[in-house]
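A.B. asks: with the input below, show me the fold.
(chains A and B)
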Amino acid sequence: DSGVTQTPKHLITATGQRVTLRCSPRSGDLSVYWYQQSLDQGLQFLIQYYNGEERAKGNILERFSAQQFPDLHSELNLSSLELGDSALYFCASSGRTGVSYEQYFGPGTRLTVT
Amino acid sequence: GDSVTQMEGPVTLSEEAFLTINCTYTATGYPSLFWYVQYPGEGLQLLLKATKADDKGSNKGFEATYRKETTSFHLEKGSVQVSDSAVYFCALSDLGLGEKLTFGTGTRLTIIP
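C.D. replies: From the prediction side, this is the model:
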């Protein structure tokens, strides 16, 4: 158990809909990262938050947004969903260990868009 | 930009065989290198890491050495077990460009009893 929790575990929805994925980081970790894992794109970094502020952006679509709340949990909002958004969405959190930042991953949310 | 190239899979080995999964990287800065493992139906688990040249990361019998001269971080295990069956991802993090992980495509490993 990494200490990172994600809900829901599975989500099935229709095209055009909007969903919210939730992530709670490990106790004490200030950074939260979101990644998308799909068969064609592999594992891709979407966005990072640090202590409530956006820190880095990757290949995140404009239809997607995220935020980190004062209690450090994070939500990833996906709107106007398309079939191609079907993927596993992982959240990770990190704290500094020596000179590197180790990221610990949650179990993921499997999104299926029909 | 940064990238990771990983040995194509899938890889099938017999129990107790020697394992090597190749990984090479391209980075503008001086990255930290990681191997993550994903068991069926689960998230990614950090297997091992190395943060500077010639560092050797090791865990659960797996090893990888950070080779700056060949920009490589190959994963090895001397004697694999059925329980090692999983997907293995090589990744890098370049603090100069932020902490995000850049992953390879993953290598599916199946160990046959």
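A.B. asks: hang on, residue B:79 in a strand?
C.D. replies: No. Looking at residue B:79 with DSSP: H, G, I helix; E, B strand; the rest coil, it is coil, so not inside a strand.
A.B. asks: so it touches residue B:14, yeah?
C.D. replies: No. Assessed by CB atoms under 8 Å, residue B:79 is found out of contact with residue B:14, at 10.5 Å. All C-beta atoms are positioned from the backbone trio N, CA, C, and that covers glycine.
A.B. asks: okay, now the sheet partners of whichever strand in chain A runs longest, with direction.
C.D. replies: The single longest strand within chain A, with elements called by DSSP state E, is strand A:87-97. Strand A:87-97 has the following sheet partners, assigned by DSSP bridges: strand A:31-38 (antiparallel), strand A:100-105 (antiparallel), strand A:109-113 (antiparallel).
A.B. asks: for residue B:36, which of these is the nearest?
C.D. replies: strand A:100-105 (7.7 Å; CB to CB).
A.B. asks: contacting residues for residue 64?
C.D. replies: Going with chain A. A:46-47, A:76-79 (CB atoms under 8 Å, 6 or more residues apart in numbering or on different chains).
A.B. asks: I was after chain B.
C.D. replies: B:23, B:33, B:35, B:48, B:50, B:56-58, B:73-76.
A.B. asks: taking the strands paired with strand A:87-97 together, which one is wrapped up most tightly?
C.D. replies: Of the strands paired with strand A:87-97, the one with the most neighbours on average (mean count of other CB atoms under 10 Å in any protein chain shown) is strand A:31-38, at a mean of 24.
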